[in-house]
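Peer 1: predicted model follows, preceded by the sequence.
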Amino acid sequence: MSGNENSRLFFFAFLLPATIFTALVLLVPLGSVVVESLTNPSGWTLAGYREIFASRLFRLVLVSTVEITLISTVVTFLIAYPIAYHLSKQTPRRRALLMMLVMLPFWTSILVKSFAFMVLLGRQGILNTSLDYLGLPGVQLLFNRTGVIIGTVHSLIPFMLFPILTSLLALNPDLPKVAQLMGAGRLRIFLTITLPLSLPGIAAGVMLAMVHTLGYYVTAALLGGKGDMMIASLVDLYTREILNWNLASAISVTLFVMCCLVLLLFSRSKALATVSQSS
Amino acid sequence: MRKIPEGFNVKSGSGRGLIGRRTLLKGGAALAFAAPYVLGSRRAWAADQLVVASYGGGWAAAMTEAFHKPFTQETGVQVIVASGTDLAKAKAQVRTGNIEWDVVELSAGWLATGVLDNMWERLDTSIIDLKTALPGTQHEYGVGMCMSSGGIGWNTAKFPAGKHPVDWQGFWDVKKYPGRRGLMTRIAGPLEYALMADGVDPKKLYPLDIERGFKSLDKIKPHVTNWIGAMPQTITLLQAGEVDFCQTAAGRVFIAKKEGAPVAYASDSALVSPIYVSVLKGNKKKDLAMKHLAFQMRPDRQAHFAELTSYAPTTEAGMKLLSPATLALSPDVTKPGVAVGDEFWWADKFEELNKRYKEWQLT
């Protein structure tokens, strides 16, 4: 009993520096944002929250943020799952090499990527000039919702892919073999064994993708059109231009609560455990 | 977040990147930057140096060349340029009493917003001589050290003379000048342009007729393909051919042209505003900071700055020192199509109107 307590104290000592660091750089500012959102010069008030929820602009932006988040997450899943499946079938050495390619967008600055997208997908970009050369009509892929989704998905893929890959690699390789011996076809093996057993990874990937996208806004600001404003850009507007920090904080706290809700939604699944495994 | 003071060897950035000084694209949670000021800073207070919060890039290099270096030569006071001037950071410094910036370069609207928040020191007119300044360019809480000009830009490689609009009526005339338009997501500017397009006399814009302005904006809305958040992006989009005619700033076009970009600017139909520089409230080196502001009002220094950047002097004597080439690019408030912006009209209306403008963009 006391030995158990001792080892707990021992581990706590190891965690202490990280805990203090997190408290200083995360909890203190977060606390001050919450306080700011609940105060104005005359004292404690909920006026900030009342104002944002009554604001039509906030509601419009909320809707577009949720739409962009959901669409990006689904598209990312559809792209990332086959890649993860393919990677899980490779030898470890080859997999490591291929994973580097997946990580590339992760290491590239969002600004550089946005500029690259303009060169590739822009009105006079490589794609549209090629289409024009072939006599085909051009496509508008930037400065609209499509552009935002392309940019967001591109940066989300690693977040979705790694948890799924972890799940797939943890899958007992004997199970598909046994199923095959029992006469199951490839599709059936996938649907009844592989897919259900990779669900924790999918949940983890979806969770990470959603939490990330909710707070994005550079992508929408650079690649989006008129209807593509994210909540985070509203925070920017109120913090830096209008200087109304009460409203900026109220919006930030709302965004934070939304992210917490997503985490809560997945907390019953094995998503969080899978995230810690894959990282 | 570049908060590290840069010395004289400020690298001259192109000032033409995808990113503008006004955007928070540098990332991070928006409010987190207040933390260092709350937690306290330990910057040493040397009596013989001043910290100037600047836009950075090519602008800061020109400021250093025209003002800071000669100031050091004459007074022995070292000037440290801190890139990334920011109204929210300035507010955090005043609020916590941790003043790191002595002199702050202001973007459009900041002077007025800051006056409402009591953020600036009143100018000491015993140190700063404002009598020689051009009328309408100065304020009791900030010196107007040069004039900026906003108007229409286009790509000269795609649109030879006569094929592009040269005034806001033309920008609104989509039959005469078919093409994609770009306007900015900040209402101060587009509302004035919309009124000028609708036939309001540029010399009698203020007080702005808000409803008439929005009605005029409705007409151009279907032809605006890009709503632009940051000024440098206007040049990028023009160069990439994403937009044909675009709201931009003369100074940006000047820099881009210098670097060989095929862009031009319609200087006869523009909105001209002073660029203000202020001193943060509660500053311990107030007198020294005022001396630096006084130095920025010197005609010879202003003229030197204009030659480097095209931002025109705010003193008549400074105007007289300009070369003919620079004079041609400088905003000329005597032209009938040139309006002078009034950020104090905007001060108490900006929040509401900007919100309405963004809603209007989203629907």
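Peer 2: That came in fine, so what should we check first? Numbering: from 1, shown residues only, chains lettered A, B, ... in the order given.
Peer 1: what number of residues lie near the closest residue to chain A within the stretch 101-250 of chain B?
Peer 2: Per C-beta to the nearest C-beta, B:Gly241 is where the stretch 101-250 of chain B lies closest to chain A, at 4.2 Å. For the C-beta atoms, the positions are set from N, CA and C on the backbone; glycine is no exception. For B:Gly241, the count of nearby residues is 15 (other C-beta atoms under 10 Å in any protein chain shown).
Peer 1: kindly report the same for B:Leu106.
Peer 2: That count, for B:Leu106 with other C-beta under 10 Å as the rule, works out to 26.
Peer 1: ditto for B:Pro299
Peer 2: Number of residues near B:Pro299 (other C-beta under 10 Å) recorded here: 18.
Peer 1: what's the answer for the one 3 residues further on, then?
Peer 2: For B:Gln302, the neighbour count with other C-beta under 10 Å is 26.
Peer 1: what's near enough to touch it?
Peer 2: B:66, B:145-146, B:296, B:313-315, B:318 (C-beta atoms under 8 Å, 6 or more residues apart in numbering or on different chains).
Peer 1: now secondary structure too, for the residues you listed, in JSON lines please.
Peer 2: Listed next are these as JSON lines, based on DSSP: H, G, I helix; E, B strand; the rest coil:
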{"residue": "B:Ala66", "secondary structure": "helix"}
{"residue": "B:Met145", "secondary structure": "strand"}
{"residue": "B:Cys146", "secondary structure": "strand"}
{"residue": "B:Gln296", "secondary structure": "helix"}
{"residue": "B:Pro313", "secondary structure": "coil"}
{"residue": "B:Thr314", "secondary structure": "coil"}
{"residue": "B:Thr315", "secondary structure": "strand"}
{"residue": "B:Gly318", "secondary structure": "helix"}
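Peer 1: and these, which is closest to B:Leu271?
Peer 2: B:Cys146 (15.1 Å; C-beta to C-beta).
Peer 1: hmm, the closest one is touching B:Pro274, no?
Peer 2: Yes: counting by C-beta atoms under 8 Å, B:Pro274 is a contact partner of B:Cys146 at 7.3 Å.
Peer 1: okay, and the common contacts of those two?
Peer 2: B:Thr314.
Peer 1: ok, longest helix in chain B?
Peer 2: helix B:350-362 (DSSP state H).
Peer 1: name the helices or strands packed onto that helix?
Peer 2: helix A:56-88, helix B:190-197, helix B:210-220 (3 or more C-beta pairs under 8 Å, 6 or more residues apart in numbering or on different chains; DSSP states H and E).
Peer 1: got the angle between it and helix A:56-88?
Peer 2: Put simply, helix B:350-362 runs at 50 degrees to helix A:56-88, going by axes from the mean of the first three to the mean of the last three C-alpha atoms, to 10 degrees.
Peer 1: show me what counts as buried in helix B:350-362.
Peer 2: Neighbour counts over helix B:350-362 (16 or more other C-beta atoms under 10 Å in any protein chain shown) mark B:350-351, B:353-362 as buried.
Peer 1: now stretch A:87-98
Peer 2: Buried positions in stretch A:87-98, judged by neighbour count with 16+ other C-beta under 10 Å: A:87-88, A:95.
Peer 1: mind putting those residues into CSV with distance to chain B?
Peer 2: Formatted as CSV, the buried residues of stretch A:87-98 follow (distance: C-beta to the nearest C-beta, whole Å):
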residue, distance to chain B
A:Leu87, 29
A:Ser88, 33
A:Arg95, 31
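Peer 1: mind putting those residues into a markdown table with pLDDT?
Peer 2: Converted to a markdown table, the buried residues of stretch A:87-98 look like this (pLDDT from 0 to 100):
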| residue | pLDDT |
| --- | --- |
| A:Leu87 | 95 |
| A:Ser88 | 93 |
| A:Arg95 | 94 |
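Peer 1: still on that earlier bit, among the helices and strands packed on helix B:350-362, which is nearest A:Leu263?
Peer 2: Taking the helices and strands packed on helix B:350-362 one by one with C-beta to C-beta, helix A:56-88 is closest: 13.9 Å.
Peer 1: from the contact counts, what lies against that closest one?
Peer 2: Using 3+ C-beta pairs under 8 Å, 6+ apart, helix A:56-88 sits against helix A:92-107, helix A:145-170, helix A:199-215, helix A:231-236, helix B:350-362.
Peer 1: got the angle between that helix and helix A:145-170?
Peer 2: Using the same axes, to 10 degrees: helix A:56-88 against helix A:145-170 is 40 degrees.
Peer 1: could you give the angle of helix A:56-88 to helix A:92-107?
Peer 2: 160 degrees.
Peer 1: which parts of helix A:56-88 are buried?
Peer 2: For helix A:56-88, a neighbour-count test (16+ other C-beta under 10 Å) marks A:57-58, A:60-62, A:64-65, A:68-69, A:71-73, A:75-77, A:79-81, A:83-85, A:87-88 as buried.
Peer 1: quick check: the gap between the most centrally placed residue in chain A and A:Ala221.
Peer 2: The centroid of chain A falls nearest to A:Ala209 when counting by C-alpha atoms, centre = their mean (2.4 Å). Relative to A:Ala221, A:Ala209 is positioned 19 Å away (C-beta to C-beta, to the nearest Å).
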